[in-house]
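Novice: model this:
(2 chains)
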Protein chains: 2
Amino acid sequence: MSEEMKIPYKIYLEEDEMPRDWYNVRADMTKKPAPLLNPGTGQPMTAAELEGVFCADLVAQELDNDTRLIPIPDEIRDFYKMYRPSPLVRAYCLEKKLDTPAKIYYKFEGNNTSGSHKLNSAIAQAYYAKKQGLKGVTTETGAGQWGTALSMACAYLDLDCRVYMVKVSYEQKPFRREVMRTYGASVTPSPSMTTEIGRKILAEHPGTTGSLGCAISEAVEDALSRDGYRYVLGSVLNQVLLHQSVIGLETMTALKKYGIKPDMIIGCAGGGSNLGGLISPFMGEKLRGEADYDIVAVEPASCPSLTRGKYAYDFCDTGKVCPLAKMYTLGSGFIPSPNHAGGLRYHGMSPIISELYDQGLMRAISVEQTAVFEAAELFARVEGILPAPESSHAIRAAIDEALRCKETGEEKTIVFGLTGTGYFDMVAYEKFNNGEMNDYIPTDEDLQPGFDSLPKI
Amino acid sequence: MSEEMKIPYKIYLEEDEMPRDWYNVRADMTKKPAPLLNPGTGQPMTAAELEGVFCADLVAQELDNDTRLIPIPDEIRDFYKMYRPSPLVRAYCLEKKLDTPAKIYYKFEGNNTSGSHKLNSAIAQAYYAKKQGLKGVTTETGAGQWGTALSMACAYLDLDCRVYMVKVSYEQKPFRREVMRTYGASVTPSPSMTTEIGRKILAEHPGTTGSLGCAISEAVEDALSRDGYRYVLGSVLNQVLLHQSVIGLETMTALKKYGIKPDMIIGCAGGGSNLGGLISPFMGEKLRGEADYDIVAVEPASCPSLTRGKYAYDFCDTGKVCPLAKMYTLGSGFIPSPNHAGGLRYHGMSPIISELYDQGLMRAISVEQTAVFEAAELFARVEGILPAPESSHAIRAAIDEALRCKETGEEKTIVFGLTGTGYFDMVAYEKFNNGEMNDYIPTDEDLQPGFDSLPKI
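Specialist: Down below sits the predicted model:
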C-alpha cells in the first residue's frame, strides 16, 4: 500500500510543464485522412474556398498534414493557465470499490465553467478569429458544452458570439442558455426564422425540435451573411483534434513523470474531439513504432457511427451547405432515438479517428445508456465527481475492463478521459433515478434512412 | 512582468503539504465565544445534553475552547485528497481588467460536485457519525450546497442521509434535488407532513414556502424520532468552523510558500462557515500578536446580521427546539425579502465570528445584490469561473478595494474566498441577465419583527 501511495490522488503538472506546442498526429500517419471535398465539384476544398467559412489560420491548421508540432500562441497558453493543467486522477476509491488489481487513472477536463474539454479548442478558435480582425463568430450547440465554451472564450477576447442551439436543448436546458447569455453570447433556438435554411426546415417540418446538423447549417449561413464573421465548430475537424491534443500531451507528461506505462487508453466518442485529443500523442508513439497501446473508442449503442456506420464521404450537416468529409457515418439523415440522453449524437466521426480506426490502429465498442448511468452513479458515489453522460461511456468501459482484470488477475493500467461534469444534465439523471431510463439499439432497418442520405461520390 | 509571473496562475500545494490538523481559533481567543444555552433552563448546554442531538466526537469539538490543533483523521484526509488541496488563484486577468496596482488572490473551493466549501465539514461530520456506529444523519438545506455535500459524504461512507430542503428551493432547484438523490439521499420539501413541527407550521401557514429555520426544526425532530440517527448542521457551529479551517490553513501555506504577505482578507458571510474557515489561522496570528491583517466580512444588505443585527442570545431555528446561541442576529423571526437571491439568508451568525467582530478584530460591510451580480458577471468573463451568488459578495468587496487602490496607487495584496460555483443558480442569473433584479435594503421597521422574537434572557 505504501508504495502505491507514492502516486498522489491527483497529479497536477506545474505550469511550466504544460505543452508549448500542439501535436498534429497526421504528421505521423503514413496514410493521411482523406481531404474535405467541395460538394459541388467533388474536388478537394482549397484553402481559398475554406477561408470563406473559417478563419485563415484555422484553415492552415485544417489542411496541414505534415507539421508535427504547432506552437501554441502565448495568449492561448495564458488562457489555458486559468483552468489547466487539468488533473490526472488516480481512481483509488473506484479501484477499491471494484476490488480490482487494475490501476485506473482518469484525465479530468471538467474543472471549468464550460464543464468540459471544449474550452481547449474554443479559446484557440476565438483567438485566431480575433487575430484576423473579425467582429465575431457563429456556431451551433447541442447539449450546450461547446456553446458555453465558445461564449467564455469570446467574452475573454471581446468577440461577438452567435450560438444556434438545437431547439429541444434550448427549451430543456434553460440554464445552459443563461450561462451563455451571462458570457454575453446571443442564443437562438434552431431551427429559427432568422436564416433561409431555418425557415425552409420549419416550413417542411413545423413541429421539429431541431438537430445538430440543422443548427450547423444555420450557423454557417449566418456567418456567410455577415461582414467580419466566420463559422467555428467544436468537434470533428482536424484543427479541433489538434487543439485538443493538450489533453493527451499533459496526460503523457504526467504519466512519464511518475514512471507509469498505460496498457489501455479509453475515450468516449461523439465527433471525436476529446478522444482524438487524449489519444493523439499515444497514437503517435504507436505510429512511430515506439510503444504499443490498446486504444478504445466508446460510443452509444443508439448512435453507433464507428461500430455500425459506413466509411464514406458524407455531408457534415443536414442542410448540405458544408464540405463533404470522409468518415464513419450513419448518414446525415440519421437522428438518434428520442430515448437517447446526453451528447455523442452526431451522425459522423472525425476523419482522423475514422482513418486510424479503418487502419486497425484502435478499437471501438458501443455501450447502452442504462449501463452508462449505472456506471456514472457508482463513479459519482465513490470518486465524488458527478460525470457528464458523455464521459460516463468511458467510465463504463473502464469499469468493465477493471472487472475483467479482477477475473483474470491482470494488473492492467487503464487511463480514460473524463471529459466533463453532469451538472446541466440532471433531467437525464432524474429519469435514471426514477427508473424511467430505457435502452435503444437501432435495427439495421432503423439505420437505413441515414445511409439513404449518403451522397453519390 | 517577468518577476510577477513567477507566481503561477494557480498555486496547488502538494498532497503532503495539506494540513494534518484543524486549527481551533478559540484556543487563541482570550475572551471565548459565549456557550450554547439550554432554552428551558437558561444554563450552558452540557455534553450529555448535546449528545442527544449531535454525535459525541462533534460535541467534544463543539465545546473545546482550548485545544489549538485537532488531528484530522486519515480517513477524512483521504477524502479531502479527492478534491483538495484547492487552488489559490492569482487573479491576473481581473487585475488587468481593473487596471489596479493591487494584487488579488482567491482561494477557490468550488472544484467539487457539491460546488462549494461545504464538503470540508460534511465529510468530517459524516465520518464521526459512522465512527459512532450510527445508521444515518438528518439535516436541512436551503440553496442546496450543504445538502449536496452531506449526500456525497454519506454515499462515500454508506450512511443514510435525510435532507429537509426549504420548499421554495425544492421546487425552484429540482436539479440540486436530483444531485442529492443520485448520491442516494432522501429529500423532503420543508415544511412537510412528516414531522410534528412541520404539520403545525403548515396548519398555521398553509401557503408557506418554508425557511431555513423551519427546516432545521424538522431535521432535528426527525433525528430525535429515530434510532441511530443524529442531526448535523453545515454552518454557524464551532465544530463547522473548525473543519473549515483547512481553507485558511492551505491558503496560509500557499502564501508563505511564495513569500506573499496579504494585507486584506475578505470572505462572504452567511452563517460564517467559509469566512471563519478562511480567516481562522490569520486571526490566530493576529490574536497572538504575530501579524496584522485587515479582515472583512461581506454580507447582503438584505440580510445584514453583523452590520445591523443585535449581539444577543437567540434561537438558531424557527421552531425553537435548538439551543440558544449568543450571536449577531436579526431575530429568529426574520425572513429575508423574496427579492433576495442566493444564500447568505440566515438570521444569525457564527458565535465565533460574532465574538471576534464584537472585539473589533474584524470589520463587516454589506453590499446590494445588483452590484453583487455585476461583479459576478465581470469576474466570470475575465477569470472564467461562474461564481455562486454567495461568493460574489466577496468578489464585489475585492473589486471595490482594488478600484480604491487604483485611485490611491496602493499595491495592496487582497485575498478573498471564492466559496463556490453558480451552476445551480441560473434562475438568479437569468433575472440579472433580463434586467429584472432589484435591490432591497430593509428599514429599521422591516427588521423589528425579527427582534421581537428574541428570547427574554
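Novice: ok so A:Ala27 is a strand residue?
Specialist: No - using DSSP: H, G, I helix; E, B strand; the rest coil, the secondary structure at A:Ala27 is helix, not a strand.
Novice: Now do the contacts for it.
Specialist: Contacts here follow CB atoms under 8 Å, 6 or more residues apart in numbering or on different chains; on that basis A:Ala27 touches A:65-68. For the C-beta atoms, the positions are set from N, CA and C on the backbone; glycine is no exception.
Novice: Distance check, it against A:Lys326.
Specialist: For A:Ala27, the distance to A:Lys326 equals 19 Å [CB to CB, to the nearest Å].
Novice: cool, A:Tyr429 as well?
Specialist: Applying CB to CB, the value for A:Tyr429 to A:Lys326 is 37 Å.
Novice: Neighbour count: the two, which is higher?
Specialist: Taking neighbours as other CB atoms under 10 Å in any protein chain shown, A:Tyr429 and A:Lys326 compare with A:Tyr429 leading, 24 against 20.
Novice: packing partners for the helix or strand of chain A with the lowest mean pLDDT?
Specialist: Lowest by mean pLDDT, DSSP states H and E among the helices and strands of chain A is helix A:167-172, with a mean of 87. Judged by 3 or more CB pairs under 8 Å, 6 or more residues apart in numbering or on different chains; DSSP states H and E, the packing partners of helix A:167-172 are strand A:186-190.
Novice: List the pairing partners of the strand it packs on within its sheet, with orientation.
Specialist: Partners of strand A:186-190 in the sheet, by DSSP bridges, are strand A:160-166 (parallel).
Novice: Please save the CA atoms from the partner strand in CSV.
Specialist: Extracted in CSV, the C-alpha atoms of strand A:160-166 (Å, rounded to 0.1, in the frame of the first residue of the first chain):
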residue,chain,number,x,y,z
ASP,A,160,-19.3,38.7,-30.6
CYS,A,161,-20.6,35.2,-30.3
ARG,A,162,-23.8,33.9,-32.0
VAL,A,163,-25.0,30.5,-31.0
TYR,A,164,-27.6,28.4,-32.7
MET,A,165,-28.8,25.9,-30.0
VAL,A,166,-30.8,22.8,-31.0
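Novice: Could you tell me how far it lies from the centre of the chain?
Specialist: Averaging C-alpha positions (CA atoms, centre = their mean, to the nearest Å) puts strand A:160-166 18 Å from its chain's average.
Novice: which residue sits closest to A:Gly409 in space, ignoring its chain neighbours?
Specialist: Counting by CB to CB, 6 or more residues apart in numbering or on different chains, A:Gly409 lies nearest to A:Pro101, which is 6.0 Å off, once chain neighbours are set aside.
Novice: That neighbour - how many residues pack around it?
Specialist: 14.
Novice: Could I get the full set of strands for the stretch 51-200 of chain A?
Specialist: Ranges of strands in the stretch 51-200 of chain A, per DSSP state E, counting those that start in this stretch, are A:69-71, A:88-90, A:103-108, A:136-141, A:160-166, A:186-190.
Novice: Give me the pLDDT for A:Leu344.
Specialist: Here, the pLDDT recorded for A:Leu344 equals 88.
Novice: mind checking the SS state of it?
Specialist: With three-state DSSP as the basis, A:Leu344 sits in coil.
Novice: Next, work out how far apart the closest residue to it other than its chain neighbours and A:Glu410 are.
Specialist: What sits nearest to A:Leu344 in space, not counting adjacent residues and going by CB to CB, 6+ apart, is A:Gly270, at 3.7 Å. With distances taken as CB to CB, A:Gly270 is found 30 Å from A:Glu410.
Novice: Look at those two and report which has more neighbours.
Specialist: Per other CB under 10 Å, whichever of A:Gly270 and A:Glu410 has more neighbours is A:Gly270, with 28 against 15.
Novice: The more buried one contacts A:Ser391, doesn't it?
Specialist: No - applying CB atoms under 8 Å, one finds A:Gly270 not in contact with A:Ser391, separated by 10.8 Å.
Novice: For the stretch 101-250 of chain A, which residues are neighbours of chain B?
Specialist: A:111-113, A:115, A:152, A:155-156, A:174-175, A:178-179, A:181-184 (CB under 8 Å from any CB of the partner chain).
Novice: which among the residues you listed gets closest to B:Ser211?
Specialist: A:Phe175 (24.8 Å; CB to CB).
Novice: Skip the chain neighbours and tell me the closest residue to the spatially most central residue of chain A.
Specialist: Compute the mean C-alpha point of chain A, and by CA atoms, centre = their mean the closest residue is A:Ser273, 3.4 Å away. Nearest in space to A:Ser273, with sequence neighbours left out and distances taken as CB to CB, 6+ apart, is A:Ser235 at 4.0 Å.
Novice: what does A:Ala126 give?
Specialist: Closest to A:Ala126 by CB to CB, 6+ apart is A:Ala153, at 3.8 Å.
Novice: try A:Glu285
Specialist: A:Ala291 (4.1 Å).
Novice: Determine whether the claim that A:Cys322 is in a strand is correct.
Specialist: No - the assignment for A:Cys322 by three-state DSSP gives coil, which leaves it out of any strand.
Novice: how about the closest residue to it other than its chain neighbours, what does it touch?
Specialist: In space, and not counting its chain neighbours, A:Cys322 is closest to A:Cys316: 4.1 Å by CB to CB, 6+ apart. By CB under 8 Å, 6+ apart, the contact list for A:Cys316 reads A:213, A:216, A:236, A:322-325, A:332, A:348.
Novice: and if you look at A:Asp294?
Specialist: Per CB under 8 Å, 6+ apart, neighbours of A:Asp294: A:263-265, A:363.
Novice: Neighbour-wise, give me the winner out of those residues.
Specialist: Busiest of these [other CB under 10 Å] is A:Ile265, holding 25 neighbours.
Novice: Identify all contacting residues around whichever strand or helix holds that residue.
Specialist: Assessed by DSSP states H and E, A:Ile265 sits inside strand A:264-268. Contact with strand A:264-268 is made by A:274-275, A:278-279, A:282, A:293-299, A:344, A:390-394, A:397-398, A:401, A:412-417, A:419, as judged by CB under 8 Å, 6+ apart.
Novice: That strand to strand A:103-108, inter-axis angle?
Specialist: 40 degrees (axes from the mean of the first three to the mean of the last three CA atoms, to 10 degrees).
Novice: What pairs with strand A:264-268, parallel or antiparallel?
Specialist: strand A:294-300 (parallel), strand A:413-418 (parallel).
Novice: Need the winner for burial among the ones you listed.
Specialist: Highest mean neighbour count among the strands paired with strand A:264-268 (mean count of other CB atoms under 10 Å in any protein chain shown): strand A:413-418, with a mean of 26.
Novice: Where does pLDDT dip in chain A?
Specialist: By pLDDT under 70, the low-scoring segments of chain A are A:1-5.
Novice: 80 - rerun?
Specialist: A:1-5, A:318, A:335, A:338-339, A:341-342, A:457 (pLDDT under 80).
Novice: What are the structural domain limits within chain A?
Specialist: A:4-18+A:73-115+A:245-452, A:23-71+A:118-231 (automatic domain parsing).
Novice: returning to that earlier point: ok, of the contacts of A:Asp294, which one's closest to B:Leu224?
Specialist: A:Met264 (51.5 Å).
Novice: which of the strands of the stretch 51-200 of chain A is buried the deepest?
Specialist: Compared across the strands of the stretch 51-200 of chain A, strand A:136-141 shows the largest average neighbour count, a mean of 28 (mean count of other CB under 10 Å).
Novice: Mind giving me the packing neighbours of that strand?
Specialist: Going by 3+ CB pairs under 8 Å, 6+ apart, strand A:136-141 lies up against helix A:119-131, helix A:145-157, strand A:160-166, helix A:212-224, strand A:229-231.
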